[in-house]
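Student: okay, predicted coordinates and the sequence, questions at the end:
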Amino acid sequence: MGRWKLNPTETRHSWAGVTLIELIVAMGILTILVSGILPLSYMTYKRSKEIELRQNLRVIRKAIDDYKKMVDDGRIAMELDGTGYPATLEILVEGVDSNDPDPIKLKFLRRIPKDPMTENGEWGLRSYADSSDSDIWGGQDVYDVYSQSDEQALDQTNYRDW
């Protein structure tokens, strides 16, 4: 096998390296790829937050409904002018004494899930007497919860309307 012979006027340094054009083309391709990936990753992040919001709303609303059912079944005493809904969300975690012959403490949540769409994680509350679109909690009881976020979801609905 023969060896390649260099032209005496050429040096090894003239073959090494990348030209400016090659560098610009490579950077252009990388820019196009990154510009396509960033919106996709943002959509994935937002979708995961929306899934978490739906799950947290479902958990809290089920706990409120379970509390109301226990009151309706007579297992929890209803306050004199009460509606049968818990006075606060904390009651669902702390628990209430049952009216059973052998009283036990009934708990409905281990902890109150946070609102993933707001920085403070606090929920908006509605009492049974409030209207369905009210932003001000009457304070009598907790009939429903909603997100306090003003943002729109991927399906163009408002998080506070979920």
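Tutor: That came through fine.

Student: kindly list the longest helix within the chain.
Tutor: Determined from DSSP state H, the single longest helix within the chain is helix 20-72.

Student: ok now it, how far from the chain's centre?
Tutor: Centre-to-centre, helix 20-72 and its host chain are 8 Å apart (C-alpha atoms, centre = their mean, to the nearest Å).

Student: follow the chain on from that helix and name the next helix or strand.
Tutor: helix 90-94 (DSSP states H and E).

Student: pLDDT on that next one, on average?
Tutor: Mean pLDDT, helix 90-94: 96.

Student: which strands or helices does that helix pack on?
Tutor: Under the contact definition 3 or more C-beta pairs under 8 Å, 6 or more residues apart in numbering; DSSP states H and E, helix 90-94 sits against helix 20-72. Every C-beta, even on glycine, is put in place using the N, C-alpha and C of the backbone.

Student: by contact count, what packs against the helix it packs on?
Tutor: By 3+ C-beta pairs under 8 Å, 6+ apart, helix 20-72 packs against helix 90-94, strand 144-147.

Student: got the buried residues for the longest one?
Tutor: Spelled out, it's helix 90-94. For helix 90-94, a neighbour-count test (16 or more other C-beta atoms under 10 Å) marks 91-92 as buried.

Student: residues of stretch 61-76 that come out buried?
Tutor: Using 16+ other C-beta under 10 Å as the test for burial, stretch 61-76 gives 63-64, 67-68, 70-71, 76.

Student: let me have those residues in a markdown table, extended by pLDDT.
Tutor: Formatted as a markdown table, the buried residues of stretch 61-76 follow (pLDDT from 0 to 100):
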| residue | pLDDT |
| --- | --- |
| Ala63 | 97 |
| Ile64 | 97 |
| Tyr67 | 97 |
| Lys68 | 96 |
| Met70 | 95 |
| Val71 | 95 |
| Ile76 | 93 |
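
Student: what's the closest of those to Val25?
Tutor: The shortest gap between Val25 and any of those belongs to Ala63, at 58.2 Å (C-beta to C-beta).

Student: how about the contacts made by the closest residue to the closest one other than its chain neighbours?
Tutor: Excluding the flanking residues, the one nearest Ala63 by C-beta to C-beta, 6 or more residues apart in numbering is Phe108, at 4.0 Å. Phe108 sits next to 63-64, 66-67, 92-93, 95 when contact means C-beta atoms under 8 Å, 6 or more residues apart in numbering.
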